[in-house]
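Student: Everything below, folded, please.
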Amino acid sequence: MREYIISVITPFHNVDFKMFNCCIHSMLKQTIGFDNIEWIIALHNCDQEHIDYAKKKLSKYENVILKEVNNDSRTPSSPRNVGLDLATSEYVAFLDGDDKFREDALEKIIYYFKKSNSQILVFRREFELEHPDMLALSETVTWDTTREMIIVDMNDSVDNRNYNSFPFFVTNRAFKRDFLNENHIRFDEDIDNAEDCYFNLQTIHLADKMCFLPQLIGYTYYINSKSILSSDKSDEDILHMLRNSTRIIDDALDYGLYVNNIILALGFVMSRYLSEPSVKMETRQIVKETFEPYLKMTTPIPAGRFMEPFRTMMNILPFEILLNTKRFENQSS
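Tutor: As a prediction, this is how the structure comes out:
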């Protein structure tokens, strides 16, 4: 059986063919050598034409696993879990089907894993917007970019704000597979918003050592109109998201992790949906009563930590929309 250097897991749900071709191109051009990569693509609830297209493009490669996954899930959690169960390499990274790696990303990831002997590697990302007027939901790196790498040893006394202030993405991280397996870490398929955050909190809580790479921009992600912030939700959906959000916050608190920015980010997402006038007042009251104690724990995020206007909206909208239900009294049905 062939031993690969790294496994890349891609959840694929009816991805635009042009975008997927860019994704494929970025993998074929990896300086580590494409045939050294185990690429697991979970074809999740796909139309047949997308399955046929993926097979046409990639079935000729022995190192590509195309796995069909059909279930009731609408998030990438279950296909990512399928990929984690199939992976055989020492290291694991995640690549969405409409995104791409920089050509030297995987080579550098392996280099720094070996150099740092860490269990989690965190690097930087850049983004592309489907439309120029869309909101760029992204972190701003505040690490010291003059440093090649920053190693955080969890056995030492550390200020965990350095590594836990915005753990909402897995595509800017790579992991040792044994670390994930030995700790039974998988994506919780019952959490269908901020599922990356919950996964990352588990890894941060259980890791002994993490490595940050302030100078490595290894990933380009595509922000499209089908994102979580671009679609309306029903009252039932909102209450479901509320339960997920409080579970994430409560577990982070139990782990002793820094929750300020997590609370504000989740509050911002909730405020996006409660800004719609069709939301029932009963739903607004439940959200207010549930989220208010968490928001009272927070302090404003300073300038420079997140991209504007996202930072400003995180500091303002949860309080103006989630807590100020009176502004909607004449609108809600």
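Student: Return the list of strands paired to the longest strand belonging to the chain, each annotated with direction.
Tutor: If you go by DSSP state E, the chain has its longest strand at strand 209-223. Strand pairing for strand 209-223, determined by DSSP bridges: strand 100-101 (antiparallel), strand 120-129 (parallel), strand 150-153 (antiparallel).
Student: I'd like these laid out as a markdown table, including distance to Asp47 and mean pLDDT.
Tutor: Every residue, glycine included, has its C-beta placed from N, CA and C. Below are the strands paired with strand 209-223 laid out as a markdown table (distance: least, Cβ to Cβ, whole Å; pLDDT from 0 to 100):
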| stretch | distance to Asp47 | mean pLDDT |
| --- | --- | --- |
| strand 100-101 | 23 | 97 |
| strand 120-129 | 24 | 88 |
| strand 150-153 | 43 | 90 |
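Student: Please identify the deepest-packed of those strands.
Tutor: strand 100-101 (a mean of 22; mean count of other Cβ atoms under 10 Å).
Student: And for that one, what's in contact with it?
Tutor: Cys22, Cys23, His25, Ser26, Met27, Gln30, Leu95, Gly218, Tyr219, Thr220 (Cβ atoms under 8 Å, 6 or more residues apart in numbering).
Student: List the ones among the residues you listed that fall in strands.
Tutor: Gly218, Tyr219, Thr220.
Student: tell me which of those residues is nearest to Tyr198?
Tutor: Tyr219 (20.3 Å; Cβ to Cβ).
Student: Quick check, the closest one in contact with Ala174.
Tutor: No: counting by Cβ atoms under 8 Å, Tyr219 sits too far from Ala174 to count as a contact (10.2 Å).
Student: any residues in contact with both of those two?
Tutor: Phe123.
Student: Which one of these two is surrounded by more residues?
Tutor: Ala174 (28 against 24; other Cβ atoms under 10 Å).
Student: Need the per-residue pLDDT for Asn14.
Tutor: Here, the pLDDT recorded for Asn14 equals 95.
Student: just the one 3 residues further on next, same as before
Tutor: The score at Phe17 is 96. That number is its pLDDT.
Student: Equivalent analysis for Asn330, please.
Tutor: 74.
Student: what does Asp133 give?
Tutor: pLDDT recorded at Asp133 is 62.
Student: Give me the residues contacting stretch 189-204.
Tutor: Here stretch 189-204 makes contact (Cβ under 8 Å, 6+ apart) with 73-78, 81, 119-120, 160, 163-164, 167-170, 173, 175, 179-180, 183, 185-188, 210, 228, 240-241, 244-245, 247-248, 251-252, 255, 257, 262, 266, 269.
Student: Following element in sequence after the top helix by length along the chain, please.
Tutor: With DSSP state H applied, the helix covering the greatest number of residues in the chain is identified as helix 235-255. Next helix or strand after helix 235-255 toward the C-terminus (DSSP states H and E): helix 260-274.
Student: now that following helix against helix 235-255, angle please.
Tutor: With axes from the mean of the first three to the mean of the last three Cα atoms, to 10 degrees defining the directions, helix 260-274 sits at 180 degrees from helix 235-255.
Student: From the contact counts, what lies against helix 260-274?
Tutor: Here helix 260-274 touches helix 235-255, helix 281-295, helix 310-317, going by 3 or more Cβ pairs under 8 Å, 6 or more residues apart in numbering; DSSP states H and E.
Student: Please point out which parts of the second one sit buried.
Tutor: If I follow you right, that is helix 281-295. Judged by neighbour count (16 or more other Cβ atoms under 10 Å), helix 281-295 contains these buried residues: Thr283, Arg284, Val287, Lys288, Thr290, Phe291, Tyr294.
Student: wait, isn't the third one in contact with Ser275?
Tutor: No: using Cβ under 8 Å, Val287 is not in contact with Ser275, being 11.9 Å away.
Student: any chance of the helices and strands packed on helix 260-274 in CSV, with distance to Lys56 and mean pLDDT too?
Tutor: Formatted as CSV, the helices and strands packed on helix 260-274 follow (distance: least, Cβ to Cβ, whole Å; pLDDT from 0 to 100):
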stretch, distance to Lys56, mean pLDDT
helix 235-255, 36, 95
helix 281-295, 46, 97
helix 310-317, 39, 91
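Student: List the neighbours of stretch 118-127 that are in contact with it.
Tutor: Taking Cβ under 8 Å, 6+ apart as the rule, stretch 118-127 contacts 105, 108-109, 112-113, 136, 138, 141, 151, 163, 169, 171-176, 179, 203-204, 207-223.
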